[in-house]
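Visitor: requesting a structural model of the entry that follows:
(one chain, ligands or ions: 2)
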Amino acid sequence: MKENITRKILKSHLVEGNMIAGEEISIKIDQTLTQDATGTMAYLSFEALGLPRVRTEVSVSYIDHNTLQTGFENADDHAFLQTIAAKYGIHCSRPGNGICHQVHSERFAVPGKTLLGSDSHTPTSSALGMIAIGAGGMSVAMAMAGQPFPLVMPEVINVRLTGQLRAGVAAKDIILELLRRMTVKNGVGKVIEYTGPGVETLSIPERCTITNMGAELGVTTSIFPSDKLTYEFMKSQCREVDWTELKADDDAEYDGLIEINLDELDAMVAKPHMPDKVIKVKEASDVKVTQVFIGSCTNSSYSDLAKAAIILDGKFVHPDVSLCIAPGSRQVFEMIARDGILQKLISAGARILESACGPCIGIGQSPQSGGVSLRTNNRNFIGRSGTADGQIYLASPEVAAASAITGVITDPRDLDGFNVEKLKEVKESEERIIDDRMIQAPVENTEDIVVRRGPNIRPLPVRDEMEDEIGGKVLLKVGDDITTDDIMPAGSKILPLRSNVPAISQYVFNGIDTAFAQRAKENNGGIVVGGVNYGQGSSREHAALAPMYLGVKAILAKSFARIHHDNLINYGILPLRFKDQSDYDNISQDDVLVIENAKDQLRNGEFIIINKTKNAKIEAYATLSDRQKDVLLDGGQLNYIKKLL
Ligand code: MIC
Ligand code: SF4
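Guide: Ligands and ions are numbered 1, 2, ... in the order given. This next block holds a predicted model:
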C-alpha cells in the first residue's frame, strides 16, 4: 500500500493493534510536553507511579499560562513545576520563555517523532512533520512513564493545497476556511494531512498556524510533510542534525479529499462565539472594534509580528481601540527588538505583554462589557475572554493590525494608502537568536533535589472502584458543542486553582449554572446530560476531574470530543451515548436515572438506563476498548496502572 505520512509515523511507532480506522491502537511516545495549568496534575500523577525518572526521549514542562501573579498560588505552582522537573529529568521552560507550542516548534519538534502534550494545541508541532497529539495530563503522565499511548486509529483526510495566497490573505485564512467547511463537529477520529503544491509556499510558522487551529476542527492532529523549508527552519534553529525528509508516497491513499485553491481565498473572520462561524472580512466591515489582540500560540511568530508592524508603521491606533501584542516566545521577542519591529509596534500605540498565553485564556486584557475584541487566537468561546458578554472575533495578524488603525474590522487590502504587496516582502528571519538559558535542562543526579510544594499544591483526588449500581439525579442538561471552558471555566480567578481540586470544583459549570456545584454536593453527585460534541476544545482534565470530585458518575450525551472522552475514562466517569438521539428530548433536569448491574452492562458496552421519574427506559452505549472498560471498572487510570506496574 502506498502510504501517507500519518500512517508511516504511526506504523514506525505502533505497539499494539491493527491500523484500521476506528480500531484502538497504541503507539510509542518519544516526546511529551505539559504547560503549567495542566502540568501540576500531570506531575502529581507521574509522581504517584513511583518511578525515578521519565522514560521518554524528551519531556518538557512549560510555564506559560498562569504567569500573572496576583497571589501566591501561581508562583507556588511555578516553584513546584521547576523542582519536580529537575527531580524527574524533565526540561523546564521558565515563565517568560514563551508559549509551549511556539517554543516547542522552535526548539524541540523533530520530523518523524511522536509528541503527546497536555494541551489541545499540541498538534502545532506537527507542522514540522511529526505526530503531535493533545491529551489530558493523566495520559501524558502515562507516556512519561513509558506507557504506549492508546488512540483510535484515525481516518486520514488529504487537504490538497494549490495556488498561492494573495498579499493580505494569510495562513490563518486557510484554517478558517477549513473550519467554515468542516465546522467544529466533523473532525473527531480524523487526521488532516496537507499535500499539494501550495504546501511549499507556506513557511513553517504559517504551517504552525494551520496545525495549531486544527484543534478547533476536533481532529486528532494535522500534519505537514518535512521538506526543504522544514530543513531551513531547523537549520536557522541550529537543529538541522535532527531533520529528516518525510513525504507521502506518490499516489498514497487517503480516506477523503478536500481541495483548497489558495489563489481564491479571501481574508476571513470567525464571529462570536465559535471558531467555525466564519465569514469574509469584507462582510464584517461595519463591525466596530474596541480591542485588538495579536498573539497566542496561533499567531505570534516573528513574521506575524513583522507583518503587523509593516501595516502599523507610521500609523497610530484608533482612539477607541486598545491594541495588545504578546510575542510568542522569548526568541521572537528578542528578534523583533533587534530588528526594530518592536519599536514600530510601540510607536503605533501597542501595549506590549509578556510572552505567554495571556488574553487568549482570559488572563488579563478582558474587553469592556459588550465590547468587540478582534483577536488572532484560536478560540472565541463565550466568556473565555473574561468578559461574559465580550464579542470575540478571530482573524489573522494582518486583519488585526489593519482594524486597530481604522477601528472597524478591516481587510488590509482596503487600508487607505497602504501597498498590500509590501506584506509579501516579510520573511522569517534566518538569523535567529538562539539562547536556551531560560530552559532548565535535566541533570543526572537528582537524589538531593527537594520538590517545593506550597499550600496551593493539593493531592490528586482518586475515586474508588466502580459501583454495581450507578445513578442519581440529572444535575444539568446542556445542548450541543459544550466546551470544556463551559464545564470548567478558566480566566485569571479560576486558573490559579488548577492544583487545588477541592477549590476549583466549586466553579464547575459556573458560566451556565452557578448552583451546579452546590446541587451536586447536596445530591451526592449524579449525571449530566449533553448534546453533540460534548467536551470540545481544551484538553483540561479538570473538566473531568472536578466533576468526578463532585460525585458525577456518568455523562449521557449524543457524542463526545476525543480528548474529553479519554479524560472522563481516566477519572472513572462513564461516557454514555444515546442509542436513539430523540431520547435526549425526554429527559429533564432533576429526573432520577439508574443503571443497574452497571459492571455487566459496561463489559457488554450496552446500557439500559431507567428514568425513574418518567418511568421510561433509555438505551445507551459506550464506545470503549477492553482496556478502557478495565480502567472504568478500577475507578480510573491511576488505580488501573498502579495495579499493572
Ligand atoms: C486552552 O487554550 O483552552 C488551554 C488553556 O491552553 C487548554 C489547556 C488548559 O485548559 O489548561 C487547552 O487548549 O488544552
Ligand atoms: Fe495558551 Fe491560548 Fe494557546 Fe491555549 S490556545 S495554549 S491558552 S495561547
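
Visitor: following the top helix by length along the chain, which helix or strand comes up?
Guide: The longest helix of the chain (DSSP state H) is helix 72-88. Next helix or strand after helix 72-88 toward the C-terminus (DSSP states H and E): strand 91-93.

Visitor: remind me what the helix or strand that that next one is followed by packs against, helices and strands.
Guide: Once strand 91-93 ends, the next helix or strand along the chain (criterion: DSSP H and E) is helix 100-107. Applying 3 or more CB pairs under 8 Å, 6 or more residues apart in numbering; DSSP states H and E, we find helix 100-107 packed against strand 31-35, strand 58-62, strand 114-117, helix 204-213, helix 330-338. C-betas here are computed from N, CA, C, even on glycine.

Visitor: now render the ones you listed as CSV, adding distance to ligand 2, mean neighbour count and mean pLDDT.
Guide: Output for the helices and strands packed on helix 100-107, formatted as CSV (distance: least, CB to the nearest ligand atom, whole Å; neighbours: other CB atoms under 10 Å; pLDDT from 0 to 100):
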stretch, distance to ligand 2, mean neighbour count, mean pLDDT
strand 31-35, 6, 28, 98
strand 58-62, 9, 26, 99
strand 114-117, 10, 28, 99
helix 204-213, 7, 27, 98
helix 330-338, 13, 21, 98
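
Visitor: which of these sits closest to L475?
Guide: strand 31-35 (29.7 Å; CB to CB).

Visitor: around ligand 1, pick out the residues from the protein.
Guide: When proximity is defined as CB under 6 Å from any ligand atom, the chain approaches ligand 1 at 37-38, 65, 119-121, 361, 490, 538-540.

Visitor: which parts of the stretch 501-645 of the chain are strands?
Guide: Remark: strands assigned in the stretch 501-645 of the chain by DSSP state E, counting those that start in this stretch are 526-529, 552-557, 574-578, 592-595, 606-611, 616-621.

Visitor: swap in the stretch 151-300 of the chain?
Guide: With DSSP E, counting those that start in this stretch, the ranges of strands along the stretch 151-300 of the chain come out as 155-162, 190-195, 221-223, 256-261, 268-270, 278-280, 291-294.

Visitor: would you put the C-alpha positions of the longest one in CSV?
Guide: Only the C-alpha atoms of strand 155-162 are listed here, as CSV (Å, rounded to 0.1, in the frame of the first residue of the first chain):
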residue,chain,number,x,y,z
GLU,A,155,-9.1,8.3,9.1
VAL,A,156,-6.6,10.4,7.2
ILE,A,157,-8.0,13.2,5.2
ASN,A,158,-5.9,14.8,2.4
VAL,A,159,-6.3,18.6,2.3
ARG,A,160,-4.7,19.4,-1.0
LEU,A,161,-3.5,23.0,-1.4
THR,A,162,-2.9,24.5,-4.8
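
Visitor: how about G163, what does it touch?
Guide: For G163, the contacting residues are 197-198, 261-264, by CB atoms under 8 Å, 6 or more residues apart in numbering.

Visitor: quick check: closest non-adjacent residue to it.
Guide: D263 (3.6 Å; CB to CB, 6 or more residues apart in numbering).

Visitor: same deal with I29?
Guide: Nearest residue to I29, sequence neighbours excluded (CB to CB, 6+ apart): A143, at 4.1 Å.

Visitor: what about the residue of the stretch 401-550 of the chain found nearest ligand 2, how many residues close to it?
Guide: When scored by CB to the nearest ligand atom, the stretch 401-550 of the chain has S538 as its residue closest to ligand 2, at 7.0 Å. By other CB atoms under 10 Å, 29 other residues sit near S538.

Visitor: that one against S120, yeah?
Guide: Yes - using CB atoms under 8 Å, S538 is in contact with S120, at 5.3 Å.

Visitor: ligand 2 contacts on the stretch 1-150 of the chain?
Guide: So the stretch 1-150 of the chain meets ligand 2 at 65, 99, 119, 121 (CB under 6 Å from any ligand atom).

Visitor: relative to V532, which of those is nearest.
Guide: Looking at these and their distance to V532, the nearest is H121, at 22.3 Å (CB to CB).

Visitor: hang on, that closest one packs against Q102?
Guide: No - using CB under 8 Å, H121 makes no contact with Q102, being 10.1 Å away.

Visitor: pull up the overlap in contacts between those two.
Guide: C297.

Visitor: mind checking pLDDT for the closest residue to ligand 1 within the stretch 101-250 of the chain?
Guide: Across the stretch 101-250 of the chain, no residue is closer to ligand 1 than S120, which sits at 3.5 Å (CB to the nearest ligand atom). Note on S120: pLDDT of 98.

Visitor: surely it and A215 touch.
Guide: Yes - the criterion here is CB under 8 Å, and S120 meets it with A215 at 4.7 Å.

Visitor: okay, and the common contacts of the two?
Guide: Common contact partners of S120 and A215 (CB under 8 Å, 6+ apart): G134.

Visitor: more crowded one of those two?
Guide: Legend: neighbour count by other CB under 10 Å for S120 and A215, higher for A215 (32 against 27).

Visitor: how near is the more buried one to ligand 2?
Guide: With distances taken as CB to the nearest ligand atom, to the nearest Å, A215 is found 8 Å from ligand 2.

Visitor: that residue and S126 touch, don't they?
Guide: No - checked against CB under 8 Å, the pair A215 and S126 is beyond contact range at 10.7 Å.

Visitor: residue nearest the middle of this protein, spatially speaking?
Guide: Of all residues in the chain, the one closest to the mean position by CA atoms, centre = their mean is S120, 2.1 Å from it.
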